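> generate a structure from the sequence data that follows.
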Amino acid sequence: MIVVTGATGSIGRALVGRLRGHDVLAAVRRDAEDLGVPYAKADFDRPDTIGGLLNPGDRLFLNSSLWPGYVDAHRAVIDLAARAGVAQIVAVSVRDAEPGAKLGMGMHGAVDAHLRKSGVPWTILQPSGFMQNLPRDFEHGSMYGAYGTTPVNYIDARDIADVAAALLTAPVGPDRDLVLTGPESLSHDRIAEEIGRALGRPVRYVNLPVPEMTAHLERQGIPQPHAGDLAALMAETGDGRWAATTTAVRDVTGRPPRPLSAFLADHRDAFPA
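The predicted model follows:
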């Protein structure tokens, strides 16, 4: 059986759609008949509820949103999966994750390190930025950030789901990290142009220095120190380190990842009017 956590999120919902016809179980916090697959109530706040779904030989897709208890909860689920004798864990991390890094990179890095030492066969997916997150940076016809002018890579979450589905339905392979990227990296000025073309109205990217972006995030309700760390992280990922692309999506799925234009064609309604 394939047990999918985070099944109602951007990646999880796409993944369970691709796994219909397989022996799959979605682990969800609330009723989710709309998923179209069997589901069971389970919650990372109570790791034992996820561990109780696992049996020897199962495959586990490990993913959830970030929250203060993220690291401890995911470590506990990994330990329970090892105890249950699962055949493989496919986990979602982030590009450049490492223990001690800022925000989600550090949280993912701590969990990744634990998984690598767990004794369970593993694959860690390390995607770049999600295209699905672009609408949240959109405000009154403008996108705000501190990325500068260097290209940054984004990937469609559906491509992450396609990679996970391929891995979870194939024989268990060697332990590995897979850096997942979209097919091209673009500056945020270019991304704004692409969004404007798809929406049929002008869109501009407003680049702010880190202190000003921090203040902008605070006005949006993000408290310190998170606002400052997030602005600094934008500047770091905009220094060129997220410009390189990989062939991992094609290598695993046999097809190239979706370009930004394809994402925008399918998600125009996600952007505020």
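
> please pull up the helix or strand immediately following the helix or strand hosting residue 212.
Assigned by DSSP states H and E, residue 212 belongs to helix 210-219. Sequence-wise, the next helix or strand downstream of helix 210-219 (DSSP H and E) is helix 226-236.

> what angle separates that next one from helix 210-219?
Calculated by axes from the mean of the first three to the mean of the last three Cα atoms, to 10 degrees, helix 226-236 forms an angle of 140 degrees with helix 210-219.

> for helix 226-236, list every residue counted as buried.
Buried positions in helix 226-236, judged by neighbour count with 16 or more other Cβ atoms under 10 Å: 227-236. All C-beta spots, glycine's among them, are computed from the backbone N, C-alpha and C.

> can you report phi and psi for the nearest residue to residue 52 once chain neighbours are set aside?
Take residue 52 and drop its neighbours on the chain: the residue closest to it by Cβ to Cβ, 6 or more residues apart in numbering is residue 42, 7.6 Å away. Main-chain dihedrals, residue 42, degrees, to the nearest 10: phi -160, psi 160.

> and the spatially closest residue to residue 209 that is not a sequence neighbour, what does it touch?
Among residues not flanking residue 209 along the chain, residue 146 sits closest, at 6.8 Å (Cβ to Cβ, 6+ apart). Applying Cβ atoms under 8 Å, 6 or more residues apart in numbering, we find residue 146 in contact with 207-210, 213, 231-232, 234-235, 238.

> what does residue 253 give?
159, 162-163, 166.

> now tabulate the residues you listed in JSON lines and tack on distance to residue 261, pLDDT and secondary structure.
Shown next, in JSON lines, are these (distance: Cβ to Cβ, whole Å; pLDDT from 0 to 100; DSSP: H, G, I helix; E, B strand; the rest coil):
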{"residue": "159", "distance to residue 261": "14", "pLDDT": "98", "secondary structure": "helix"}
{"residue": "162", "distance to residue 261": "18", "pLDDT": "98", "secondary structure": "helix"}
{"residue": "163", "distance to residue 261": "21", "pLDDT": "98", "secondary structure": "helix"}
{"residue": "166", "distance to residue 261": "24", "pLDDT": "98", "secondary structure": "helix"}
